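> Sharing a model prediction with you, sequence too.
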Amino acid sequence: MDREFRLSVAAEQDLTDIWGYIADYDEAPADELIDQLVKRFLMLSNFQDAGRSREELAPGLRSFPVKQYVIFYRVISEGIEVIRVLHGSRDMDQVFAEAVAQDEAITDPDQKTSEE
């Protein structure tokens, strides 16, 4: 049985921002990158341990690179929840420290997601 993925609100916004930035130059590569990311979400939902553990950033957090971007996710009973999709040049420690400081639920299974 194939597992599923779900996107956090922040991850959904990340994808919108990524597509918009690239599409300002050319929509075809923007579409291609989003397709590649979604394929990786599906792969990770079925092979959840494929990503690197990122416990130093948040409990239960894992990451997986796709081109210049990094998918941050956590394992849930249905598959995975994509927490963020960030450019690899970002200071990940700072991004996740700011999320904690703003009291964003990074690993709370009851966190509101884009599918709710």
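Cool, the structure landed.
> can you give me the mean pLDDT across the helix or strand where Arg74 lies?
Using DSSP states H and E, the element containing Arg74 is strand 69-76. Throughout strand 69-76, pLDDT has a mean value of 96.
> next one: that strand to chain centre, how far?
For strand 69-76, the separation from the chain centroid amounts to 5 Å (computed by C-alpha atoms, centre = their mean, to the nearest Å).
> Repeat that for stretch 29-40.
13 Å.
> Over to stretch 86-93?
That offset, for stretch 86-93, works out to 12 Å (C-alpha atoms, centre = their mean).
> can you list the weak-confidence ranges in the protein?
Applying pLDDT under 70 to the chain picks out residues 1, 100-116.
> Contacts for the lengthiest helix in it, please.
Determined from DSSP state H, the single longest helix within the chain is helix 27-46. Residues from elsewhere that reach helix 27-46, judged by C-beta atoms under 8 Å, 6 or more residues apart in numbering: 2-5, 15, 18-23, 50-51, 64, 66-67, 69, 71, 73, 79-80, 82, 85. Glycine gets a C-beta too; all of them are placed from N, C-alpha and C.
> List only those of the residues you listed flagged as buried.
Using 16 or more other C-beta atoms under 10 Å as the burial test, the contacts of helix 27-46 include 3, 5, 15, 18-19, 22, 51, 64, 66, 69, 71, 73, 79-80, 82, 85 as buried.
> ok so, going back, may I have the strands that pair with the helix or strand following the longest helix of the chain, each with its orientation?
Per DSSP H and E, helix 27-46 leads on to strand 52-53 as the next helix or strand towards the C-terminus. The sheet places strand 52-53 alongside strand 61-66 (antiparallel), with pairing taken from DSSP bridges.
> Who are the packing partners of whichever strand or helix holds Ala11?
According to DSSP H and E, Ala11 maps onto helix 9-23. If you count contacts as 3 or more C-beta pairs under 8 Å, 6 or more residues apart in numbering; DSSP states H and E, helix 9-23 packs onto helix 27-46, strand 79-87.
> got the angle between the first one and strand 79-87?
Going back to what we said before, that points to helix 27-46. Here helix 27-46 points in a direction 140 degrees away from that of strand 79-87 (axes from the mean of the first three to the mean of the last three C-alpha atoms, to 10 degrees).
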